[in-house]
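1. Return atomic coordinates for the entry below.
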Amino acid sequence: MTGQPLTTLRDYGHSLLIALQFLTRIPVPDHGNQDPVLVGRSLLCYPAVGLLIGCLLWGLQYLLQLLLPQLWSLQAALILTGWCLITGGLHLDGLADSADAWLGGFGDRQRTLELMKDPTCGSAAVLVLVLVLLIKFSALQLLISSHPGWLILVPVMARSLLLVLFLSTDYVREGGLGEVLSQYFPKAMARILLLFLALLFPLIGELSLVGGVLLGNLLLFIGLRHLMVARIGGATGDTAGALVVLSEATSLVLLLIFL
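-> Next up is the predicted model:
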């Protein structure tokens, strides 16, 4: 009886390591256990990984403010660079693949899925990446000059949306980590976690501000999910990555609107 809670805690620790290995380039010990149940449970750790990313970005901005005071453009560029390095550009790659697939798929489901697997980067991918990164860079300049602490919220909210995506949307790509996540994702626990986060978010700041960001992300999610289901019948790892990047950009802009 006494050993079971420890085993459960150890399993969740392994799931957190899996989430960190997948979502970031932060060096973590390899426990060697790729049990599908632990992989599926790692989805529950995505908001925690987002919190870690947000804290690292806030810490980086604090250090940059000491070294480069008031140089907001340079700070924003370095923070955005750090953001890409921490995540390894994982979600940016998903956004790029999704952009190329949507443009080149001509409305055809199979063609769209095939283009997502193409490693080359087309004009749509380049254009979308440049525009989204430009938006994030511009928003970062303004945010860090007045309210840098809100950097922590942005990655958390984006990765929380992944739980909503896997709860509400079929995974349509056979094989790979995404299929394992979809099959072994503990949905009941995810609903409880999302309810907890929905109650927690308004407590961390002004209700109208956090509520506005939440509402904006919800509308973004509904729109993107509609596009996914209409075109390919569900989600893939690439469209999930696109959701994260677009949510981050949306949250940065909304924070500036409501602050």
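
2. give me phi/psi at residue 171?
-> In terms of degrees, to the nearest 10, the main-chain angles of residue 171 are phi -90, psi 120.

3. tell me, how many neighbours does it end up with?
-> 21 (other CB atoms under 10 Å). Yep, even glycine has a C-beta here, placed from its N, CA and C like the rest.

4. which residue packs closest to it, ignoring adjacent ones?
-> residue 182 (3.7 Å; CB to CB, 6 or more residues apart in numbering).

5. hang on, isn't the one you found packed against residue 166?
-> Yes. If you go by CB atoms under 8 Å, residue 182 and residue 166 touch, sitting 6.1 Å apart.

6. Sticking with the residue nearest to residue 171, tell me its helix or strand.
-> Using DSSP states H and E, residue 182 sits in helix 176-184.

7. and that helix, which residues are buried?
-> Judged by neighbour count (16 or more other CB atoms under 10 Å), helix 176-184 contains these buried residues: 177-182, 184.

8. Likewise for stretch 214-223?
-> In stretch 214-223, counting by 16+ other CB under 10 Å, buried: 214, 216-217, 220-221.

9. Now do it: distance to the chain's middle.
-> Chain-centre distance of stretch 214-223: 14 Å, with CA atoms, centre = their mean, to the nearest Å.

10. which residues sit against it?
-> Counting by CB atoms under 8 Å, 6 or more residues apart in numbering, stretch 214-223 makes contact with 157-158, 161, 164-165, 198, 201, 243, 246-247, 250-251, 254, all of which sit outside it.

11. so can I have JSON lines of these showing secondary structure, distance to residue 38 and pLDDT?
-> Formatted as JSON lines, the contacts of stretch 214-223 follow (DSSP: H, G, I helix; E, B strand; the rest coil; distance: CB to CB, whole Å; pLDDT from 0 to 100):
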{"residue": "157", "secondary structure": "helix", "distance to residue 38": "25", "pLDDT": "96"}
{"residue": "158", "secondary structure": "helix", "distance to residue 38": "23", "pLDDT": "98"}
{"residue": "161", "secondary structure": "helix", "distance to residue 38": "22", "pLDDT": "98"}
{"residue": "164", "secondary structure": "helix", "distance to residue 38": "22", "pLDDT": "97"}
{"residue": "165", "secondary structure": "helix", "distance to residue 38": "20", "pLDDT": "97"}
{"residue": "198", "secondary structure": "helix", "distance to residue 38": "26", "pLDDT": "90"}
{"residue": "201", "secondary structure": "helix", "distance to residue 38": "27", "pLDDT": "87"}
{"residue": "243", "secondary structure": "helix", "distance to residue 38": "24", "pLDDT": "98"}
{"residue": "246", "secondary structure": "helix", "distance to residue 38": "29", "pLDDT": "98"}
{"residue": "247", "secondary structure": "helix", "distance to residue 38": "26", "pLDDT": "98"}
{"residue": "250", "secondary structure": "helix", "distance to residue 38": "31", "pLDDT": "98"}
{"residue": "251", "secondary structure": "helix", "distance to residue 38": "29", "pLDDT": "98"}
{"residue": "254", "secondary structure": "helix", "distance to residue 38": "35", "pLDDT": "97"}
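
12. Fine, thanks again, bye for now.
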